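1. sequence first, predicted model second:
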Amino acid sequence: MSTLPPGSRRRLAALPLLGALLLAACAPLSPGPRAPVEEGPAVSAPPPPPGPAPRPVEPAPAPPPRPAPPPVAPDAVGALVAEARAAAAAGHHDAAAALAERAQRIDPRAPEPYLVLARAHQARGQTAQARQFALKGIASSRAGTQVRAELEALLRSLGQ
Amino acid sequence: MAAKRGGGSRRRKGPGRKKQPGRRSLLRYLLGMLALPLILATAIGVLVLDNQVKARFSGAKWELPTHVYSRPLELYAGLNLPRAALLDELDELGYRRVARIEHPGQFAVTADGIELHARAFPFPEGEQPEQRVRLRLSGSGIVAIQDAGGKSLPLLRLEPIRIGGIYPEHAEDRVLLRLEELPPYLADAVIAVEDRDFYRHRGVSPRAILRALWANVRAGGIAQGGSTITQQLVKNFYLDRSQTLIRKAMEAVMAMLLELHYSKAEILEAYLNEIHLGQEGNRAIHGFGMASEFYFRQPLAELDLHQVALLVGLAKGSSYYNPRRHPERALARRNLVLTTLASEQIVVAAEAEAAARKPLDVTKTPGAVNRYPDVLDLVRRHLQRDYAARDLTAEGLRVFTHLDPRIQHRVENGIAEVLKRIETDRKLAAGTFQAAAVVVRVGTGEVLALAGSRTRDFAGFNRALDARRGIGSTAKPAVYLAALEQPGRFTLGTVIDDAPVSIRAGGKPWSPDNFDHISHGPVPLYRALSQSYNQATARLGLEVGVDKVAKVFRRLGYEGPLEEVPSLLLGGVSMTPFEVAGIYHTIAADGFHTPLRAIASVGDADRQLLARYAFEVEQRFQARDVYLLQYALRQVMLEGTAAGTRLPGAPELAGKTGTTNDQRDSWFAGFSGNYLAVVWVGRDDNKPMPLTGASGALRIWTAIMSGLEHRPLSGPPDDITLAWFDPATGNGSGPHCPGARQLPFASGSEPAQEDCGIGARTLDRVRGWLGLE
């Protein structure tokens, strides 16, 4: 039979309580009220007797922030963006925009196509639309990246 | 200097002797008097006919319908596309599965994928050449694309599917082809069967009539006709169907006039494009180009001998020899043509015999029919803003849309199956409910699918565009967005009292009730939305201001009628499903507004680009505020009115249910990172239904969305801070506190973090003892 020092015994006695507290904080609780309020029974039930509103039971804590989704088909998007840039360099801004739109369709989160679209509109003198695409690109890009810097520089050059 | 011409009389005077008028000359005189007008009339008639012949033949010969195409399918490594879906697409495009690929339009199935000879296609921004590729497939989609030399390709764009047309009143459908685009023996075959003397006669051929008679007697059936190709063309082109002698004479004269002015090649080309080769409803199939698509869903250039022979045979009577209705007649006719081709030495006898052993190979359903009338309706309406009605039915425009047939089929099947199931389960008469749905690509606003009724092929009342119905709680996100735009006043954690509200609006009392007739007391803002509490929402909206909420509707993109009254807060505004999709798209696209677009571009008959319907965006809301709203809409799916919605394999989605008063309308609008779908279910007579947003529209929405490959919603923007929050008190909390929940806040608006009176360090120590760290 093992003996424990008195302090350990007290600690052990406290364990169930603390454990319960921890579980309350970490483990999923009840999934919350499932009966949707708006989507009640097909035939309306008589209203329940009036009384104090039940205190809501909280569901599990919200999941931590999601990591940024991985890029989709970077090769296909990259190839279209490269082609779009070449078209823009040759002065074919409509073609550049069409290619950027194809890239954007494949990965709506990729910021590069927005940069191409913003520049294509800038080249055609459509400053307002160029600015909007730059804003969209900035919203789709991460701080500190090259494309973000280019988008911000473009936005500055367009005048805020 | 102009020379004076005709000086002096050049007329010779006859001998001065005068003839005595006799009986014979009197007769001649009288005859002359009669003949002169006759000759004059004939000459004038011929001149008129000549004018007619030239007028029609020299200008645009036909009113060409507008042809409408689906989106082109982009294939690339990493694309999640089930193998069956790829095969369906190839089938829709009329690709033939073969053992060994010989020409474009064919594919072969290999051990690890598909080999494909993709066709060339004149995209409006440029011709795409044909390409032989290998697609390596896995269970989930495309792993790699290689060209014939084994080089890796970043992507391959298939040609779009022709999904229908906008036709002139006479509903003639054709694809114009030039003589040089036809299979080499097609023209020879037509000449051999229809008019052997074509290159020798001058429009009319008495010999041909006699020979045709003789040939028909010998063949024991109608193998040849008596009219020349030129006469047949004249008959179709200029004259009505009556069989009078005068009309026959006119036909002969016009045929000769046509031959006088135009080359044989021009006449033959016109004939091959004009000839009537099929009928479906009131849509008339003219010319070999369209007939090829109509019967085989393949371009004419790809047809084999047995297919060409069938089309040539149909010139005799496309109704009598209709290969879908009378396959045995069509087969006999085709084989008779093949025999003629062999006897005329146009093809080798052995080839003709081999072709005669083949089946008809006609597709079950005609290609290029208007299979998606509701989508075409939307396309037509968008085109009508920019094109005159005549341009749409006569100029041979090519319209490239964003329609995705795979998603469209999901929408049509989803509506049909779910409504049927609901009606059966609830023992209601079939056809009690109607539905409409719109699917949009998030970010670009491209309309990928649209259904205006539960009936697939029926162009009737397009509810997606025209049914303006109350939107109920589907409107609530506008209220919450208006609130969340003021982070100093409202956060997702702001507690609102879900208790009776009563105000006077327009002289009348307004006191909304909750669906379950229960007041839920103080609730955090995100929960009031996810549970769709009416009283809390009304209270919040009144605090924010009805005018501000109305402005949010406008900024989201709604342009229809709207009254700034308190009931607006709970959906007292009527919208079409298309309009609801428009406002939800702005929410799904993180606050960037884009008008919904059905059309990508329009090209003309000469394959030149006429107009691009370019992608445009406008930031209408801060990404931060929309992110907060999306958080609440995600809770709708997790714990709110749409809890329990299961989309296997999909990331977290966001959405909102909507049910109008007395359950007359059932709505669901929801989205992932790449697809937004809006569904409405209701009755045309606007009677109440035993359905809510969740038990009606959401079920169809789930059926549509569960088959798609979803991307996650946007992550939090830089100006969002996650903080711990106690839903019970609405105060800040801490990670170790019971019931604490992490919520996103506009940075700076997050509540002070607490440790709940239990020293966090103590808790950490206990964790250490328990080995939980």
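-> That came through, no problem.
2. C-alpha only now, for contacts and for neighbours.
-> Noted.
3. for the chain, which residues score under the pLDDT cut-off?
-> Picking chain A for this. A:1-70, A:160 (pLDDT under 70).
4. try again with chain B
-> B:1-22, B:212, B:221-225, B:241-243, B:367-369, B:457-459, B:757-768, B:770-773.
5. the helices in chain A, which residues?
-> If DSSP state H is used as the criterion, the helices of chain A fall at A:6-26, A:74-89, A:93-106, A:112-123, A:127-140, A:146-158.
6. which residues touch residue 138?
-> If you meant another chain, say so; for now it's chain A. A:111, A:148, A:151-152 (CA atoms under 8 Å, 6 or more residues apart in numbering or on different chains).
7. try chain B instead
-> B:112-113.
8. now residue B:752: closest residue in space, sequence neighbours ignored.
-> residue B:732 (5.2 Å; CA to CA, 6 or more residues apart in numbering or on different chains).
9. got the phi/psi numbers for that neighbour?
-> phi -60, psi 160 (degrees, to the nearest 10).
10. residue B:181 now?
-> phi -90, psi 0.
11. so how far is residue B:66 from it?
-> 21 Å (CA to CA, to the nearest Å).
12. give me the more crowded residue out of those two.
-> Higher neighbour count among residue B:181 and residue B:66: residue B:66, with 27 against 11, using other CA atoms under 10 Å in any protein chain shown.
13. tell me the contacts of residue B:247?
-> Residue B:247 sits in contact with residue B:239, where contact means CA under 8 Å, 6+ apart.
14. tell me the spacing between it and chain A.
-> 54 Å (CA to the nearest CA, to the nearest Å).
15. so is that residue in a helix, a strand, or just coil?
-> When classified by DSSP: H, G, I helix; E, B strand; the rest coil, residue B:247 comes out as helix.
16. in the stretch 151-300 of chain B, what residue is nearest chain A?
-> residue B:154 (4.7 Å; CA to the nearest CA).
17. counting neighbours, what do you get for that residue?
-> 19.
18. ok, residue B:246 next?
-> Count around residue B:246 with other CA under 10 Å applied: 10.
19. neighbours of residue B:438, how many?
-> Quick note: residue B:438 (other CA under 10 Å) scores 28 neighbours.
20. next: residue A:137.
-> Other residues close to residue A:137 by other CA under 10 Å number 26.
21. can you check residue B:42 too?
-> Neighbours of residue B:42 using other CA under 10 Å come to 12.
22. can you give me the buried ones in the helix or strand encompassing it?
-> Per DSSP states H and E, residue B:42 falls inside helix B:23-58. Residues of helix B:23-58 classed as buried by neighbour count (16 or more other CA atoms under 10 Å in any protein chain shown): B:46, B:49-50, B:53-54, B:57.
23. which helices and strands does that helix pack with?
-> Judged by 3 or more CA pairs under 8 Å, 6 or more residues apart in numbering or on different chains; DSSP states H and E, the packing partners of helix B:23-58 are helix B:245-261.
24. got the CA positions of the helix it packs on in PDB?
-> Written as PDB, here are the backbone C-alpha positions of helix B:245-261 (Å, rounded to 0.1, in the frame of the first residue of the first chain):
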ATOM      1  CA  LEU B 245     -48.200  25.200-114.100                       C
ATOM      2  CA  ILE B 246     -47.400  28.900-113.800                       C
ATOM      3  CA  ARG B 247     -45.300  28.200-110.700                       C
ATOM      4  CA  LYS B 248     -43.500  25.400-112.500                       C
ATOM      5  CA  ALA B 249     -42.700  27.800-115.400                       C
ATOM      6  CA  MET B 250     -41.500  30.400-113.000                       C
ATOM      7  CA  GLU B 251     -39.300  27.800-111.300                       C
ATOM      8  CA  ALA B 252     -37.700  26.900-114.600                       C
ATOM      9  CA  VAL B 253     -37.100  30.500-115.600                       C
ATOM     10  CA  MET B 254     -35.600  31.400-112.300                       C
ATOM     11  CA  ALA B 255     -33.400  28.400-112.300                       C
ATOM     12  CA  MET B 256     -32.000  29.500-115.700                       C
ATOM     13  CA  LEU B 257     -31.600  33.000-114.400                       C
ATOM     14  CA  LEU B 258     -29.800  31.800-111.300                       C
ATOM     15  CA  GLU B 259     -27.400  29.800-113.500                       C
ATOM     16  CA  LEU B 260     -26.900  32.800-115.700                       C
ATOM     17  CA  HIS B 261     -25.700  35.000-112.800                       C
END
